[in-house]
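A.B. asks: sequence? don't have it. structure:
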């Protein structure tokens, strides 16, 4: 492990990530409705936090909420409180801070907004004052103005629909909405998280503390970040360098144009800074920069599947449709990869069972094989060609379905599910046999109402088997291009994989 | 109408687009399976062509197919045959051509591949010979190596799932797969077509004939094309110029990189040519160039909704989530549009009912309004601001849904449908009242299994009401940016809208 790790920081954050008891102060009444406001209690209940830990709602106006005893204030709670979620308005926070000190809590997460991000100098000062008071008492703070913690192993989360299972991706984000986008969006594609933190204004715990922790966290293999502005630049750069030297680290930076920067300033009080400097810092540190939210999603898919082991830029493109092959070849070239012509011996092997009319086997490979065994044979030959570094194929095989007009809707759903599973497993077997990464493209434009089921089933099963799935050829190619570029730039740094 | 129109061309194509009788020669046995091979018969049956016209399957090995009498050959058919779909192998085509001449058909569409696109000089020669023979007999040909005609008003189509209703978009495509992508993908978003033609190798009917026709077709308001290579360049440019001077015309060119060009050559035998020259031709002609298939889809949405009337680049971005607002602002700026600060009077109007903490009303507008009436009020104020040329909003309002655990799946589907309809209609009313284009963004990453229903219902209802819907802010912004850019370049050309 590199020399910049900070054991104290690690231990303190480890404690924050594993609270045994949580109090939600200012929990709104009427929590039965799945509104944003009642989200924290709902999310904890959904993940069944209360079954393994202590959960204390606090609101002086209620005696009970969602079947749990509701407390008048923090001090009324009998047991210890490790972590406090503050939902009270900003003007009530000073009293809550007093109570936290008295109660000797370990950490506070301020969902409460209305501090430094307002730009009001009095509120900037107030934020500082409150954080100092907490720090002096040995209490760490997340926020203000953020969504806080998602730790599946401790059943703590901040939005409904977060997966209960743990994974290997650590996410830090200055935005709660963007953290939710990453967790929800990647969960649908099969990814699971070790921890996610929405840290907002970063008045106490900042990006560099979290990077430092993630680098040392044994649960974490890949680190992803959404940032608007950098605080304490030198510490940030050191932490980024340390983290990126041992784990793949991807950062999306928001506020790169004037309008975005203004939005960032009113969002988390961040000064966005120059994107050129940020890009240079990422390059020097050996981190990857995602230019868009789609990039961030796709890079995490690439880094947590066999796609990451791509050796060079030769794509074997197995396409459905000639015009689709043309546009896909263009997209692959735009991303800096190649669609090399297949060598004579590969062409000859393919021509043994693929007719000439209406097909192409030079690469892109465009065939009308309706027999599944022949499709598998063709994919195997293509993967084994000397020019192939990666195979792009469609998520679903082109197997003809019988007209099953007698099917019930439930039957139909079930057969879509089982076809998706079978298709994903077939591609996974091919990847295992050939040791060449297979990339599956989900072409969904012509899908009907069962699209959601087909896509999600396929994506999850494929991902579980180490297959990267992307919505379009151009997104797949771009993500692989970014990985190849990043790997080249890592010369001199320790090998990660 | 411009001087380059060609009445003979128009009349001949008009006749091809309105066949009263169709023979499918070489219709495969076992047509009950929805395979590509049996697609033509299935598609015609699906659109109920046989209910208003005569449909003649031809295959010497069958007496009946799908309840229709099957003929041994073309000459055995008693009635007239206007249009022939050739599914026979290339080596059988010479005999079919003889039969077509004898039978005095009006047009032939060769699905049959294996001619000039193979690059085999003998087959290139063969293609020429056959087309000359047909021409001499006054018979026009579509293809070879293509999917042919989609004319909803005549119930003729070439893939399953094409809408039975007519619309105002004309599509010409050298690729059948890409034509299918456009029709299926845009149908899901509400668009309908006057005609679509997949014309493959273009041995007889070429892009310029189709552009010429589309320009004069009273059913057509917007023209879209997918091209791989240009044949008869001067005629093409003249037709493009004429068409683009009177109707918005969008072209996607495939084969812009070496790999794509090679794919185009083996696909339709096209020589892809320089993209710079193509771009220059589009600019001079006053046409729009789509750089990707997504561009083509989005531009058609823009051109057939109120989005086309956008006056200038000021976007009022109504966002869900601060970080989402930051990234969206960046994406809008990347596309060349602005997110201008709201004037003081607008901010004051909004602050009357939007609290300061956790919100922003300067633009992007980020609020937590859970009351629908207040959301509508806010959107109205924002649209009426002096700096607003267009409003970006989320497809679904953030209305809190009650926990309805007792709901049946059918109830749930129904309430998703009705919420989507209501949301689309609310946005449409706002657009009608304010006369400012509203753009709806479908954020789908966190959606569950009902995503398909919610999206499709919303998209169709919104489109029907003149609202443009896009999957992401960056795609919306890019499409609007392309329209603004195109409009600037049209100085001196007739005003289209």
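C.D. replies: Received, thanks. Predicted, not measured: the structure shown is a model, and the values here were computed from it.

A.B. asks: got the contact list for residue A:439?
C.D. replies: Going by CB atoms under 8 Å, 6 or more residues apart in numbering or on different chains, residue A:439 touches A:307, A:390, A:391, A:392, A:393, A:467, A:468, A:469, A:470, A:476, A:480. Heads up, the C-betas are built off the backbone N, CA and C, glycines and all.

A.B. asks: confidence score at residue A:260?
C.D. replies: Residue A:260 is assigned 85 on the pLDDT scale.

A.B. asks: Hmm, residue A:304 is touching residue A:168, no?
C.D. replies: Yes: with contact defined as CB atoms under 8 Å, residue A:304 reaches residue A:168; the gap is 6.6 Å.

A.B. asks: just to revisit the earlier point, of the contacts of residue A:439, which belong to helices?
C.D. replies: When DSSP state H defines the helices, the subset of the contacts of residue A:439 inside them is A:476, A:480.

A.B. asks: Adding neighbour count and pLDDT as columns, could you present the contacts of residue A:439 in JSON lines?
C.D. replies: Output for these, formatted as JSON lines (neighbours: other CB atoms under 10 Å in any protein chain shown; pLDDT from 0 to 100):
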{"residue": "A:307", "neighbour count": "25", "pLDDT": "97"}
{"residue": "A:390", "neighbour count": "25", "pLDDT": "98"}
{"residue": "A:391", "neighbour count": "26", "pLDDT": "98"}
{"residue": "A:392", "neighbour count": "25", "pLDDT": "97"}
{"residue": "A:393", "neighbour count": "26", "pLDDT": "95"}
{"residue": "A:467", "neighbour count": "27", "pLDDT": "98"}
{"residue": "A:468", "neighbour count": "28", "pLDDT": "98"}
{"residue": "A:469", "neighbour count": "25", "pLDDT": "97"}
{"residue": "A:470", "neighbour count": "26", "pLDDT": "96"}
{"residue": "A:476", "neighbour count": "29", "pLDDT": "98"}
{"residue": "A:480", "neighbour count": "29", "pLDDT": "98"}
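
A.B. asks: related to what we said a few turns ago, when residue A:304 and residue A:168 are compared, which one has more neighbours?
C.D. replies: Comparing residue A:304 with residue A:168 by other CB atoms under 10 Å in any protein chain shown, the one with more neighbours is residue A:304, at 23 against 16.

A.B. asks: Now the more buried one: closest residue in space that isn't a chain neighbour?
C.D. replies: residue A:222 (5.8 Å; CB to CB, 6 or more residues apart in numbering or on different chains).

A.B. asks: do the same with residue A:68
C.D. replies: Using CB to CB, 6+ apart, the closest residue to residue A:68 is residue A:57 (5.5 Å).

A.B. asks: go on, residue A:313?
C.D. replies: Nearest to residue A:313 is residue A:337, by CB to CB, 6+ apart, at 4.4 Å.

A.B. asks: Quick check: the one you found touching residue A:482?
C.D. replies: No: Residue A:337 is beyond contact range of residue A:482, at 10.8 Å (criterion: CB under 8 Å).

A.B. asks: These two: which is more packed in?
C.D. replies: More neighbours surround residue A:337 than the other of residue A:337 and residue A:482, with 26 against 21 (other CB under 10 Å).

A.B. asks: Contacts only, for that one.
C.D. replies: A:313, A:314, A:315, A:477, A:480, A:481, A:484.

A.B. asks: show me what contacts the fourth one?
C.D. replies: Listed by CB under 8 Å, 6+ apart, the contact partners of residue A:477 are A:315, A:331, A:332, A:334, A:335, A:337.

A.B. asks: Between all of the residues you listed, which two are separated the most?
C.D. replies: Farthest pair in those (CB to CB) is A:315 and A:334. Separation: 12.2 Å.

A.B. asks: the more surrounded of these two?
C.D. replies: More crowded of residue A:315 and residue A:334, by other CB under 10 Å: residue A:315, with 30 against 17.

A.B. asks: Tell me which helix or strand that one sits in.
C.D. replies: If you go by DSSP states H and E, residue A:315 is part of strand A:315-319.

A.B. asks: contact partners of that strand?
C.D. replies: By CB under 8 Å, 6+ apart, strand A:315-319 touches A:325, A:328-329, A:332, A:337-339, A:342, A:363-367, A:378-379, A:382-383, A:385, A:387-394, A:473, A:477.

A.B. asks: Neighbouring strands - and their directions - for that strand?
C.D. replies: Note on strand A:315-319: by DSSP bridges, its sheet partners are strand A:365-366 (parallel), strand A:390-394 (parallel).

A.B. asks: and the next element down the chain from the shortest one?
C.D. replies: Downstream of strand A:365-366, the first helix or strand assigned by DSSP H and E is helix A:372-383.

A.B. asks: Can you tell me which helices and strands the helix or strand in which residue A:250 is found packs against?
C.D. replies: Per DSSP H and E, residue A:250 falls inside strand A:249-253. Judged by 3 or more CB pairs under 8 Å, 6 or more residues apart in numbering or on different chains; DSSP states H and E, strand A:249-253 is in contact with strand A:222-227, helix A:233-246, helix A:275-285, strand A:288-290, helix A:293-303.

A.B. asks: Least reliable of those by average pLDDT, please.
C.D. replies: Mean pLDDT is lowest for helix A:275-285 among the helices and strands packed on strand A:249-253, at a mean of 91.

A.B. asks: Now do it: which elements does it pack against?
C.D. replies: Helix A:275-285 packs on helix A:233-246, strand A:249-253, strand A:288-290, going by 3+ CB pairs under 8 Å, 6+ apart.

A.B. asks: Show residues contacting that helix.
C.D. replies: Contacts to helix A:275-285, defined as CB under 8 Å, 6+ apart, come from residues A:230, A:237, A:240-241, A:244-245, A:249, A:251, A:253, A:256, A:288-289, A:489.

A.B. asks: Spatially, which two of those are the most separated?
C.D. replies: Spanning the widest gap among those are A:245 and A:256, at 25.4 Å by CB to CB.
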